[in-house]
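Student: With the sequence up front, the predicted model follows.
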Amino acid sequence: MSRLRILFWAGALALLVACGPKAPKMPADAVALRSPDGKMELKFAVVDGVPEYSLDFAGKAVVLPSRLGYALLDRESLDGGFTLKGTAFDSFDETWEPVWGEEASIRNHYNELLVTLEQGTGVVRAAREGVAVTDPDYTGDLGNASGKGAVMQVRFRLYDDGLGFRYEFPQENALTYFKVEEELTEFAMTGDHTAWWIPGDYDTQEYNYTESRLSGIRSRNESMRLGNASAEGFSSTGVQTALQMKTAEGLYVNIHEAEVVDYPTTNLLLDDKAFVFRTWLTPDAEGVKGRLQAPCKSPWRIVMVCEKATDVLASRLILNLNEPCALEDVSWIHPVKYMGVWWEMITGKSEWSYTYDYPSVQLGVTDYAASKPHGRHGANNENVRKYIDFAAENGFDALLIEGWNEGWEDWFGHQKDAVFDFVTPYPDFDLPALNDYAHSQGIRLVMHHETSSSTVNYERHMEEAYQLMNQYGYDAVKSGYVGNIIPYGEHHYSQPLINHYLYAIREAAKHHIMVNAHEAVRPTGLCRTWPNLIGNEAAMGNEYRAGIDPGHTTVLPFTRLQGGPMDYTPGIFETDMSVTAPGQTGKMRHTLCNQLGLYVTFYSPLQMAADLPENYARFMDAFQFIRDVAVDWDKSVYLEAEPGAYIVTARHPRMSTLDSGRLSGHSSVWEFVHPDGREHDVWYVGGVTDENAREVSVKFGFLPSGVSYEAVVYADAPDADFETNPQAYTITRQTVTSGTVLPLRMARSGGFAISLRSL
Ligand code: NOJ
Ligand code: CA
């Protein structure tokens with residue numbers, strides 16, 4: 001090659017490198033919307049008939065031009081041929097008070113853009129595409145018959161901390177009934193971000209989080225899969241929402257959804273060459289990904305954008321995008337601190353079942369009275385009374401009892417339609433007497449409804465089951481959906497199931513019952529509308545014991561907890577399973593102080609002390625923190641955080657709800673406030689870390705200035721370590737003020753907790 005030629009090619013290459021690949025841009029005439037603080041900008045345009053949006057933060061792209069639309073099964077798809085028919089701008093600013101929450105009031109402040117799109121009629125599209133779209137059997141609303149095209153609207157709400165948008169299909173439409181093949185919403189990322197993700201699945205979120213670049217998802221996706229009772233993935237680049245990411249510039253970007261009602265839940269499918277996510281809805285038993293009837297709306301699609309990790313924890317975007325409370329009377333809804341006849345079954349110390357006589361049992365047929373009890377049944381009268389006494393002595397509100405009802409001998413693995421009737425106790429569980437005894441001690445019993453995923457059977461018995469609860473004074477139920485769903489072929493996150501979970505919540509509300517659903521779909525902020533949904537599992541909780549990775553709990557508040565509280569069941573002091581349940585093996589991977597820290601770093605108005613009374617009895621001085629800590633707050637301050645690394649949070653209790661759920665008025669927090677008859681102000685601080693030991697400096701600037709507080713500090717001992725010395729802790733007392741900076745060391749997978757009382 002001649003020198004000149006070499007120079008020419010080198011120059012051309014340099015120019016190419018300098019320019020980089022051409023970043024796609026929205027057209028110059030795109031419609032624009034800014035967030036209230038002006039930092040975020042949304043753009044919308046119809047490009048060659050396809051609706052597209054983009055999102056910038058501080059002048060830099062966060063979401064590159066990304067398409068919107070639907071592929072439909074029974075009519076022409078909503079994937080092109082659109083013209084923009086109208087735009088409407090609005091703004092909104094209100095402050096509302098949640099029934100329970102992380103703070104007393106929440107500001108809902110956004111600017112809005114509603115775009116109305118109309119698709120060319122079928123005839124027009126047929127000509128354009130050279131195909132006939134008219135279905136000879138169709139007598140309805142294909143669009144070409146009426147001469148009108150389908151109308152699709154997209155409503156964008158731009159907040160200071162992110163974007164929400166949803167599709168709306170108005171009544172006056174050429175589109176009435178339609179079946180979704182796929183929602184085509186894209187989220188085009190700007191690079192190979194770091195992500196904290198769990199594998200995409202139609203049935204479970206009970207996974208450890210993996211931290212990797214987007215390009216690293218494919219190679220690790222399959223290996224992250226667990227042998228869950230019901231699980232179905234769909235792609236090695238499929239992940240679930242909420243998906244927390246961090247850009248190379250340090251921006252925290254989170255994709256989630258809000259208000260999933262009468263619509264399947266979405267996963268995200270990643271194109272890992274272009275770093276573009278697309279919605280991937282959960283199919284129903286016939287493979288349909290949504291059966292819609294106008295007027296209707298999709299759930300909100302959310303892109304949260306924050307400069308600091310602590311701002312993600314402080315974001316109320318998902319709650320704000322849900323409807324206000326649907327209940328007029330909420331006086332019966334209250335926070336619950338509870339224990340359970342539960343961990344002993346989870347660990348194998350005892351069992352849910354009553355007898356080994358029957359390998360197969362049938363509802364209403366099996367005669368339990370004639371069977372020989374195996375002697376390992378946890379929910380027996382004597383044992384339950386012991387728990388009631390311990391819970392009462394330590395100021396709890398409630399006690400969960402699992403395995404109280406007939407059917408557990410043969411509840412799982414055969415996809416049986418009718419396993420439980422939710423009303424028939426085992427012979428050694430005296431339901432009226434135990435409730436009477438519990439109530440006399442100031443404790444309410446929490447009902448357990450394991451549905452074994454037979455939603456048809458649950459719906460058949462639901463009214464009677466809730467009536468039984470009302471009759472005996474239960475006001476909270478833990479429901480569960482273990483195993484594959486009946487109706488056969490449905491998934492935990494398909495549209496019929498989404499409708500079932502909400503039906504159970506609404507029916508419960510009629511009976512003044514609070515719901516904590518396990519294995520149900522991850523929450524999407526519906527607790528704002530239905531505050532009797534006080535808990536969900538929908539993630540990997542402590543019941544996975546040795547299976548939980550250190551650091552898991554430092555990711556959950558960024559992801560799963562964004563949609564609503566989690567019944568993580570913290571407070572496991574004894575990490576060695578052979579101590580809790582002789583003959584069992586395995587060690588959990590956290591320190592005792594890590595578990596204390598969770599009561600503050602995790603928000604839930606339903607909070608369990610999950611370990612056995614005898615395990616707490618060995619550490620009563622540390623257990624004091626669980627006795628003292630509140631579970632509902634009027635102020636939360638996120639002091640320091642990084643997903644997958646650590647979280648430090650301070651919270652101030654909501655005094656009005658401290659006693660609201662208690663039957664006898666005894667409350668350990670109240671004692672803490674009134675030890676000498678005077679009223680004290682109280683705060684709690686908690687910290688947790690991942691597999692790395694970490695030093696933090698707790699700055700008490702959140703305290704009112706000029707007031708001194710007595711701090712009780714529960715910290716990992718210097719030689720604590722989750723593997724070698726998990727139960728080593730120190731408890732120290734000192735005076736702090738708003739100017740105090742307290743250095744603390746968290747052991748590997750450790751943490752700390754602080755109670756503060758004004759002097
Ligand atoms: C799974 C739930 O998550 C767990 O808490 C419960 O004990 C079992 N199912 C039995 O219902
Ligand atoms: Ca579970």
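Tutor: Perfect, I can see it now. Ligands and ions are numbered 1, 2, ... in the order given.

Student: alpha carbons only for contacts and neighbour counts from here, please
Tutor: Will do.

Student: Can you get me a residue count around the closest residue to ligand 1 within the stretch 601-750 of the chain?
Tutor: Distances between the stretch 601-750 of the chain and ligand 1 by C-alpha to the nearest ligand atom are smallest at residue 610, namely 10.4 Å. Using other C-alpha atoms under 10 Å, residue 610 has 22 other residues around it.

Student: try residue 491
Tutor: 28.

Student: Next, residue 509: phi, psi?
Tutor: phi -60, psi -40 (degrees, to the nearest 10).

Student: Pretty sure it sits against residue 532.
Tutor: Yes: Residue 509 is within contact range of residue 532, at 6.5 Å (criterion: C-alpha atoms under 8 Å).

Student: Counting neighbours, go ahead and name the busier of these two.
Tutor: residue 532 (26 against 21).

Student: So which residues on the stretch 401-550 of the chain come close to ligand 1?
Tutor: 450, 480, 482, 518 (C-alpha under 6 Å from any ligand atom).

Student: Pull the contacting residues for residue 198.
Tutor: By C-alpha atoms under 8 Å, 6 or more residues apart in numbering, the residues touching residue 198 are 205, 207, 208, 209, 210, 221, 224, 239, 240.

Student: Pull the number of nearby residues for the closest residue to the first one other than its chain neighbours.
Tutor: Nearest residue to residue 205 in three dimensions, chain neighbours excluded: residue 539, at 4.9 Å (C-alpha to C-alpha, 6 or more residues apart in numbering). Number of residues near residue 539 (other C-alpha under 10 Å) recorded here: 25.

Student: Could you dump the contacts of residue 198 into TSV with neighbour count and distance to residue 284 added?
Tutor: TSV is the format used below for the contacts of residue 198 (neighbours: other C-alpha atoms under 10 Å; distance: C-alpha to C-alpha, whole Å):
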residue	neighbour count	distance to residue 284
205	24	18
207	22	23
208	26	26
209	25	26
210	20	28
221	20	23
224	14	25
239	26	19
240	25	18
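
Student: Among these, find the lowest-pLDDT one for me.
Tutor: For the contacts of residue 198, the model is least confident at residue 224; its pLDDT is 84.

Student: I'd like the distance between that residue and residue 566.
Tutor: As judged by C-alpha to C-alpha, to the nearest Å, residue 224 and residue 566 stand 22 Å apart.

Student: quick one, what contacts residue 39?
Tutor: 57, 58, 59, 160.

Student: Just these: which are in strands?
Tutor: Secondary structure from DSSP state E places residue 57 of those in strands.

Student: What is the burial count for residue 374?
Tutor: Neighbourhood size, residue 374 [other C-alpha under 10 Å]: 12.

Student: Might one say that it is in contact with residue 352?
Tutor: No: counting by C-alpha under 8 Å, residue 352 is not a contact partner of residue 374; they are 11.1 Å apart.

Student: list residues touching both of the two?
Tutor: Counting by C-alpha under 8 Å, 6+ apart, nothing touches both residue 374 and residue 352.

Student: Identify, from the contacts of residue 198, the entry nearest to ligand 1.
Tutor: Lowest distance from ligand 1 to the contacts of residue 198 (C-alpha to the nearest ligand atom) belongs to residue 205, with 11.4 Å.
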